[in-house]
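Student: Predicted model and sequence follow; I will ask about them next.
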2 protein chains.
Amino acid sequence: MTVSPGSAADGLSKAQLAHQWIRSRISDGTYSPGYRLVLGQIARELDVSAVPVREAIRLLEAEGLVTFERNIGAQVAMLDATEYVHTMQTLSLVEGYATALSAPVLDADTLERARRINAEMADCLDHFDPVSFTRLNLEFHSTLFEACPNPHLLDLVHRGWSRLSALRDSIFSFVPGRAHESVAEHTALLDLIENGADALQVELAARNHRLGTLDAFLTRQKSPSAP
Amino acid sequence: MTVSPGSAADGLSKAQLAHQWIRSRISDGTYSPGYRLVLGQIARELDVSAVPVREAIRLLEAEGLVTFERNIGAQVAMLDATEYVHTMQTLSLVEGYATALSAPVLDADTLERARRINAEMADCLDHFDPVSFTRLNLEFHSTLFEACPNPHLLDLVHRGWSRLSALRDSIFSFVPGRAHESVAEHTALLDLIENGADALQVELAARNHRLGTLDAFLTRQKSPSAP
DNA sequence: ATGTATCAAATCATATACGATCTGGGCAAG
DNA sequence: CTTGCCCAGATCGTATATGATTTGATACAT
């Protein structure tokens, strides 16, 4: 037998457990931006000591989900419009390149799968389902960039997505008018890849697709016609 | 009165102290790639307990300088040729974009400073001084990308450089024939920026400059004419 | 001789304990 | 009434202690 450190047979260290637990609380909004993460309090809730909780928080800090100050403590990172812009801009860069690097090694099956996901997204538009749409959107892009042969780069892409999805992405991500364009751009991107387009072309298409979403957000922010 | 946690008036936590200490040992080669970092041993050497050392190591892991495995421990990350390629490729991407974003906000003084640094680099070539050359190279590029308004992106650039410089960059970085081209490309890059070139042009110039160094390394690896 | 089970030392992961530091509120002086 | 000092509670940072896991060596059976 023998399980992991603690007693649960989950195979995770308590630090990892705390990490995921806090993380999920952040993404589901229980801990909203600015919320103060107190070691002892979280430790009691999870029935562990403060040490692994501290480690989890430092990890979350490295991921950019919380901010931390010495002798003060940690709080959930604020995601204001500026932060959002910077994160999206960075993601557009790394995701674009990762997609371009993946493109040559994608087989026909994978591309077909991506097309099906995109079709589902189109369906979501009809019976207005923003939650599924956002989920499928991640799935679609994952399909295209996961094959990226550069693990560092792939890690950066994951971190970017994770930052966005953890920090109440939903507030920002769904800009009504943008969704239709988005689906169309997906198709265009797939066509480029399928025709073996130049790496730079693929990269810029993927990058501009994301920057387009960002622009839509910025434009909408100025003239908030529909809340 | 009152200093930081411990007793030293350095204003750093012991965890930060350990972080820097281990880091410097890695960059000066005392801890070479593959070296096993044992908590208790380092803790004794620094005269602290294992807890802050552990935290320092987890941070170094997040920075990619060490690898870590649960219940096993940490060791200095191996930087083999593949790793080097991936790191350089990623750096070319983020540094290129950061430079392009910086370009519009660089004033004449800063550009002039960059030109002087590049002139110094040219001097280094004459009296063969690879160490200074490498240092000046960082200084030159820092001058161009530090003004980047996107802090996330800037952080990624710093991490890339830090990875390279910490992990015995010198082994790889100095490819004799490449240095002359490098100086010339620096001049070309400065010209582009000074003439207010398109962001994409600047980005690709900076990116290809770095990829050029990478190519030189790869080419040289195949035909090791001069050791 | 080779392979396998067992055990001890080394090391990691976590709990508990305690001093250091910050924060907020009450009290005194102006 | 305002301003500044001071203290108590809360929280952080680290040391020490202990259980859990790995690893390598030894002994035994085949």
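Tutor: Yes, it's here. Source: prediction; values computed, not measured.

Student: quick one: contacts for the residue in chain A that chain B sits nearest to?
Tutor: When scored by C-beta to the nearest C-beta, chain A has residue A:62 as its residue closest to chain B, at 3.8 Å. (Glycine included, C-beta is placed from N, CA and C.) By C-beta atoms under 8 Å, 6 or more residues apart in numbering or on different chains, the contact set of residue A:62 is B:59, B:62.

Student: Just the element for it, please.
Tutor: Under the criterion DSSP states H and E, the helix or strand holding residue A:62 is helix A:50-63.

Student: Only alpha carbons, please: show that helix as CSV.
Tutor: These are the backbone C-alpha positions of helix A:50-63, laid out as CSV (Å, rounded to 0.1, in the frame of the first residue of the first chain):
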residue,chain,number,x,y,z
ALA,A,50,0.0,26.7,7.4
VAL,A,51,3.2,25.5,5.8
PRO,A,52,1.8,23.8,2.7
VAL,A,53,-0.8,26.6,2.3
ARG,A,54,2.0,29.1,2.3
GLU,A,55,3.8,27.1,-0.4
ALA,A,56,0.6,27.0,-2.5
ILE,A,57,0.2,30.7,-2.2
ARG,A,58,3.7,31.4,-3.3
LEU,A,59,3.1,29.2,-6.4
LEU,A,60,-0.1,31.0,-7.2
GLU,A,61,1.9,34.2,-6.9
ALA,A,62,4.4,32.9,-9.5
GLU,A,63,1.4,32.2,-11.7
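
Student: Could you look up the next helix or strand downstream of it?
Tutor: Counting by DSSP H and E, the next helix or strand C-terminal to helix A:50-63 is strand A:66-69.

Student: Within the sheet, what are the partner strands of that following strand, with directions?
Tutor: Strand pairing for strand A:66-69, using DSSP bridges, gives strand A:73-76 (antiparallel).

Student: Phi and psi next, for residue A:49.
Tutor: phi -90, psi 180 (degrees, to the nearest 10).

Student: Wait, it touches residue A:43, no?
Tutor: Yes. Using C-beta atoms under 8 Å, residue A:49 is in contact with residue A:43, at 5.8 Å.

Student: Tell me where chain A has helices.
Tutor: Here chain A has its helices, by DSSP state H, at A:14-27, A:39-46, A:50-63, A:81-102, A:108-126, A:130-145, A:151-166, A:169-173, A:176-194, A:199-222.

Student: okay, those in CSV with distance to DNA strand D and mean pLDDT next?
Tutor: CSV is the format used below for those (distance: least, C-beta to the nearest atom of the strand, whole Å; pLDDT from 0 to 100):
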stretch, distance to DNA strand D, mean pLDDT
helix A:14-27, 11, 95
helix A:39-46, 3, 97
helix A:50-63, 6, 96
helix A:81-102, 23, 96
helix A:108-126, 35, 95
helix A:130-145, 31, 92
helix A:151-166, 20, 91
helix A:169-173, 26, 55
helix A:176-194, 39, 93
helix A:199-222, 33, 92
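
Student: Out of those, which is closest to residue B:70?
Tutor: Ranking the helices of chain A by their distance to residue B:70 (criterion: C-beta to C-beta) puts helix A:14-27 first, at 8.2 Å.

Student: What about residue A:218, how many residues nearby?
Tutor: Other residues near residue A:218 number 14, with proximity taken as other C-beta atoms under 10 Å in any protein chain shown.

Student: is it true that it touches residue A:82?
Tutor: No. The pair residue A:218 and residue A:82 fails to qualify as a contact (C-beta under 8 Å) at a distance of 11.0 Å.

Student: Identify the contacts common to the two.
Tutor: If you check residue A:218 and residue A:82 against C-beta under 8 Å, 6+ apart, no residue is contacted by both.

Student: Not counting sequence-adjacent ones, nearest residue to the most centrally placed residue in chain A?
Tutor: Taking C-alpha atoms, centre = their mean as the criterion, residue A:161 is the residue nearest the geometric centre of chain A, at 1.9 Å. In space, residue A:161 comes closest to residue A:138 once its chain neighbours are excluded; the distance is 6.4 Å by C-beta to C-beta, 6 or more residues apart in numbering or on different chains.

Student: what does residue A:81 give?
Tutor: Closest residue to residue A:81 apart from its sequence neighbours, by C-beta to C-beta, 6+ apart: residue A:221 at 6.6 Å.

Student: Same check on residue A:207?
Tutor: Nearest residue to residue A:207 in three dimensions, chain neighbours excluded: residue A:96, at 3.3 Å (C-beta to C-beta, 6+ apart).
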